[in-house]
Structures are given as C-alpha cells and as structure tokens.
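Novice: Coordinates only, no sequence provided:
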C-alpha cells in the first residue's frame, strides 16, 4: 500500500513539474512568435486593397539599416556584410552575388528575390 502511494505521488509530482516546464516553454514560443510577426510587420506595408506588400529595396544604394529592415532573415550584421561586398564589387550586377555573403543562403535569397532591385 505504501509502495503504491509512493508511486502515485511520484507520478503526480513529475507530471506537475513537466506541466510547468511545458507552460514556460509555450510562453517563450508565444513571445518569440509575436516578435517574429512584429519584425515582419516592419518589412511590409498594405496596398490600397489591404493586401500586404513587401517593400522593394535597391541593394546597390540602400544603407545597412535599410537592408536589415526590408530583407527577411537579414539582420544588421549581415546587412553590413552586404554593404561591404557591394563596396568591394563597385555594385551588384546580379542578385545571386548576395550568396557570397556569409550567412545568406539560397533560402534567404529566394525569400527576398522578388523584392530586390539592382
């Protein structure tokens, strides 16, 4: 009887601890998702019909801050690397050249391709 009670108590304590960890993890993910949604809101605007439209950016004359704000998956450090590459090249002649920037892969390029001007 005491053994059964101990096992039940152990299960209750373990499940309560696990439940708290799940709740904390869920709250963290909710906050992170909110932040990600908020950051995308900075990169998009609505057209007259209410549809969300990504702002275009010219990678040959945008500042690092503009690049970081308007390109998905590009923070300030990568945006600075884009500007440094542009300065070395003189200017970009093809958006594929962005793949030379460390941290920018095909997925990031494809997510932004339709919003990039040269």
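Specialist: Yep, it's here. Since the structure is predicted, the reported quantities are computational estimates derived from the model, not experimental observations.

Novice: State the distance from residue 111 to residue 88.
Specialist: Residue 111 sits at a distance of 24 Å from residue 88 (criterion: C-beta to C-beta, to the nearest Å). (C-beta placed from N, C-alpha, C; glycine too.)

Novice: Who has more neighbours out of these two?
Specialist: residue 111 (14 against 8; other C-beta atoms under 10 Å).

Novice: Name the nearest residue to that one, ignoring sequence neighbours.
Specialist: Computed as C-beta to C-beta, 6 or more residues apart in numbering, the closest residue to residue 111 that is not its neighbour in sequence is residue 72, at 4.7 Å.

Novice: Go ahead and confirm the one you found touches residue 109.
Specialist: No: in this structure residue 72 lies outside contact range of residue 109 using C-beta atoms under 8 Å: 10.2 Å.

Novice: List the residues that contact residue 86.
Specialist: When contacts are counted by C-beta atoms under 8 Å, 6 or more residues apart in numbering, residue 86 touches 59, 60, 92.
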